[in-house]
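> I'll drop the sequence and a predicted model, then ask my questions.
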Amino acid sequence: MLVDELENMKWVLEVNTDEMERLREIVEERGFGSASTALKRRAEELEGENEDSCAKFEEEAEVITHREDKKEDLVDEVEAQRCIAVEMQSLLNTVEVAPRSKRRGARGRGGRFKFVEG
């Protein structure tokens with residue numbers, strides 16, 4: 001799923017950030033002069049890019065999660081509407097059958113009435 005892929009990419013970026021930090025510390029400890037300054041600058045640029053990528057992935061994950069939630073809500077709504085349609089069809093069938101039954105019942109008695117004297 002896309003959310004899982006984004007989470008995996010976020011994890012990779014975090015691992016990369018940790019590794020860049022470790023390498024920066026090594027360079028600082030060993031002190032490579034002007035090369036050290038350039039490497040530090042590049043490490044900081046990469047860390048910034050990495051952080052930006054992490055933020056973008058988090059935003060995308062939130063958007064995807066929101067879309068998934070909306071999709072589930074719509075599926076629930078469609079199911080509810082389907083149930084309503086089935087219920088309405090059942091009621092319609094009942095309404096259509098009732099008048100026919102009354103007409104058949106009247107014909108079955110031959111139109112005769114039974115009087116009860118009280």
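Thanks, I have it. Remember, predicted model here, so these are calculated numbers, not experimental data.
> any regions of the protein where pLDDT drops low?
With pLDDT under 70 as the threshold, the chain has low-confidence stretches at 2, 31-36, 98-118.
> what's the longest helix seen in it packed up against?
Among all segments of the chain classified by DSSP state H, the helix with the greatest residue count is helix 34-108. Judged by 3 or more C-beta pairs under 8 Å, 6 or more residues apart in numbering; DSSP states H and E, the packing partners of helix 34-108 are helix 2-30. The C-beta positions use only the backbone N, C-alpha and C, and glycine is treated the same way.
> now the helix it packs on, how far from the centre of its chain.
Centroid displacement of helix 2-30 relative to its chain, using C-alpha atoms, centre = their mean, to the nearest Å, is 29 Å.
> quick one: contacts for the most centrally placed residue in the chain?
With distances taken as C-alpha atoms, centre = their mean, the residue of the chain nearest its centroid is residue 68 (1.1 Å). Applying C-beta atoms under 8 Å, 6 or more residues apart in numbering, we find residue 68 in contact with residue 3.
> can you tell me how far it is from residue 62?
Remark: distance between residue 68 and residue 62 (C-beta to C-beta, to the nearest Å) = 11 Å.
> same deal with residue 17?
Noted for residue 17: a distance of 20 Å to residue 62, by C-beta to C-beta.
> mind checking which of the two has more residues around it?
When residue 17 and residue 62 are compared on other C-beta atoms under 10 Å, the one with more neighbours turns out to be residue 17, at 16 against 12.
> contact partners for the residue lying closest to the more buried one once chain neighbours are set aside?
The spatially closest residue to residue 17, leaving aside those adjacent along the chain, is residue 50, at 4.9 Å (C-beta to C-beta, 6 or more residues apart in numbering). Neighbour list for residue 50: 13, 16, 17, 20 [criterion: C-beta under 8 Å, 6+ apart].
> now residue 50: how far from residue 40?
Computed with C-beta to C-beta, the distance linking residue 50 and residue 40 is 15 Å.
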